[in-house]
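K.L.:
need a 3D model of the following:
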Amino acid sequence: QVQLVESGGGLVQPGGSLRLSCAASGYLNRYAIGWFRQAPGKEREGILCISRSDVTTYYVDSVKGRFTISRHNAINTVYLQMDSLKPEDTAVYYCAAPRQFRDCSASYDYWGQGTQVTVSS
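P.N.:
Predicted coordinates for the structure are as follows:
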């Protein structure tokens, strides 16, 4: 079982950037990692995922060209680089993982506690 901890959220102006981190308790190379978000009054939505073989899958079109995911297995960390942020990106952001050795199409079993991102002037 892997434990996940997000960090890096905060307040940013429209057009700005943030980098979120997802730290895994270990053996990151065994897990695909996805990022999700939940805005106030809305359902949680999947954003994108990175496979164990470093392939990115986008779950929504709205972040393509603006959000990039990367993994660094040696330090058990996945980053979500968010550029050109918009007010509609405001949400609590979560990283999650399916069971080990499964890919981005699997259900997610392990979740972090979330980090708040607010995009506002």
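
K.L.:
what sits against F36?
P.N.:
44-47, 93-96, 108 (CB atoms under 8 Å, 6 or more residues apart in numbering). Any C-beta I mention is one placed from the backbone N, CA and C, and that applies to glycine too.

K.L.:
please repeat the previous calculation with a cut-off of 10 Å.
P.N.:
Residues counted as contacts of F36 (CB atoms under 10 Å, 6 or more residues apart in numbering) are 44-49, 59, 91-96, 108, 111-112, 114.

K.L.:
cool, and G10?
P.N.:
Taking CB under 10 Å, 6+ apart, one finds 16, 18, 20, 115-118 in contact with G10.

K.L.:
partners of Q116 in the sheet?
P.N.:
V92 (DSSP bridges).

K.L.:
lowest-confidence helix or strand of this structure?
P.N.:
strand 56-58 (a mean of 95; mean pLDDT, DSSP states H and E).

K.L.:
would you mind pulling up the elements that that strand packs against?
P.N.:
Secondary-structure packing of strand 56-58 (3 or more CB pairs under 10 Å, 6 or more residues apart in numbering; DSSP states H and E): strand 45-50, strand 67-72.

K.L.:
can you redo the ones you listed as JSON lines with distance to S84, mean pLDDT and mean neighbour count?
P.N.:
Conversion of the helices and strands packed on strand 56-58 to JSON lines gives the following (distance: least, CB to CB, whole Å; pLDDT from 0 to 100; neighbours: other CB atoms under 10 Å):
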{"stretch": "strand 45-50", "distance to S84": "14", "mean pLDDT": "98", "mean neighbour count": "20"}
{"stretch": "strand 67-72", "distance to S84": "9", "mean pLDDT": "98", "mean neighbour count": "18"}
